[in-house]
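> Below are the sequence and a predicted model for it; my questions follow.
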Amino acid sequence: SYPYNGHTTAQDALYAGVPLITRSDGDDMSSRVSTSANVVLGLEDLNAYGGIEEYETIAIRMGTDKGWFASIRTKLIETCLQKNPMHPYWDVPRYVNNFQNGLKEVWSNFMAGNEIEHVEVKEEKKQGTMDTEIAVKEEKRKKAMDYEREQKTRNDCKL
C-alpha cells in the first residue's frame with residue numbers, strides 16, 4: 001500500500017519467483033525498498049517511477065502479455081537459483097560482510113573526527129559466496145548450536 005511498498009513479505013514473494021510491480025515515486029526509504037530490490041535483480045521494468053498511471057500500465061501488461069510475464073518470472077527465478085557465486089541480492093553472507101565493513105568505516109571516520117559523509121563499501125573480491133563457503137559456515141553454526149545445547153543440558157542437570 002502506497003506510500004509504503006513491500007518489505008519482508010515482498011522479499012519472500014520475490015524469492016518464491018513472484019514478480020513485484022511497485023510504485024517508485026516516493027521520496028523516503030520505506031517507499032523504495034522494492035524499487036531497490038527490482039533494480040538489483042535486473043527487473044527495473046517493474047518499477048513505476050511515474051506514479052499510479054505507470055503502475056497500472058505495468059500491471060495490465062503483466063496480466064495480458066504472457067511472454068513478457070514469463071520472461072520476467074524466468075529472470076527472477078534464475079537469480080534465486082544462481083550459484084557459485086550466488087546472485088548478490090540473495091547472498092546474505094556477502095551482504096553481512098559488506099555491512100560490517102561499512103560500519104567499521106563509519107566508526108573509523110567518527111573516531112578520526114571526520115565530518116559525517118556518505119560511505120561506499122568497495123569489495124576486495126568481486127565474487128559472491130560459493131557453496132563451499134556456505135557449507136563451512138553452516139558446519140560452524142551447527143557446532144555452536146550443539147555446544148550451546150550441551151551447556152544448557154549440563155546447567156539443567158545441576159538444578
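Sure thing, it's come through. Residues are numbered from 1 along each chain as shown.

> May I have the predicted confidence score for residue 49?
Looking at residue 49, its pLDDT reads 94.

> quick one: contacts for it?
Residue 49 is in contact with 24, 25, counting by Cβ atoms under 8 Å, 6 or more residues apart in numbering. For glycine as for every other residue, the C-beta is placed from the backbone atoms N, C-alpha and C.

> can you give me the strands in this structure?
Per DSSP state E, the chain carries strands over the ranges 22-23, 47-48.

> just checking, what packs against the first one?
Looking back up the chat, that one is strand 22-23. With contacts defined as 3 or more Cβ pairs under 8 Å, 6 or more residues apart in numbering; DSSP states H and E, the packing partners of strand 22-23 are helix 33-40, strand 47-48, helix 52-64.

> now, of those, which is deepest in the fold?
Sort these by mean neighbour count, taking mean count of other Cβ atoms under 10 Å, and strand 47-48 sits at the top with a mean of 22.

> Residue 76: neighbouring residues, count only.
With neighbours defined by other Cβ atoms under 10 Å, the count for residue 76 comes to 22.

> separation between it and residue 43?
6 Å (Cβ to Cβ, to the nearest Å).

> residues shared between the contacts of these two?
residue 19.

> how far away is the residue nearest to the spatial centre of the chain from residue 38?
The residue lying closest to the centre of the chain (Cα atoms, centre = their mean) is residue 89, at 4.5 Å. Taking Cβ to Cβ as the measure, residue 89 falls 10 Å from residue 38.

> Kindly report the same for residue 90.
Relative to residue 38, residue 90 is positioned 14 Å away (Cβ to Cβ).

> which residues touch stretch 136-143?
By Cβ under 8 Å, 6+ apart, stretch 136-143 touches residue 93.
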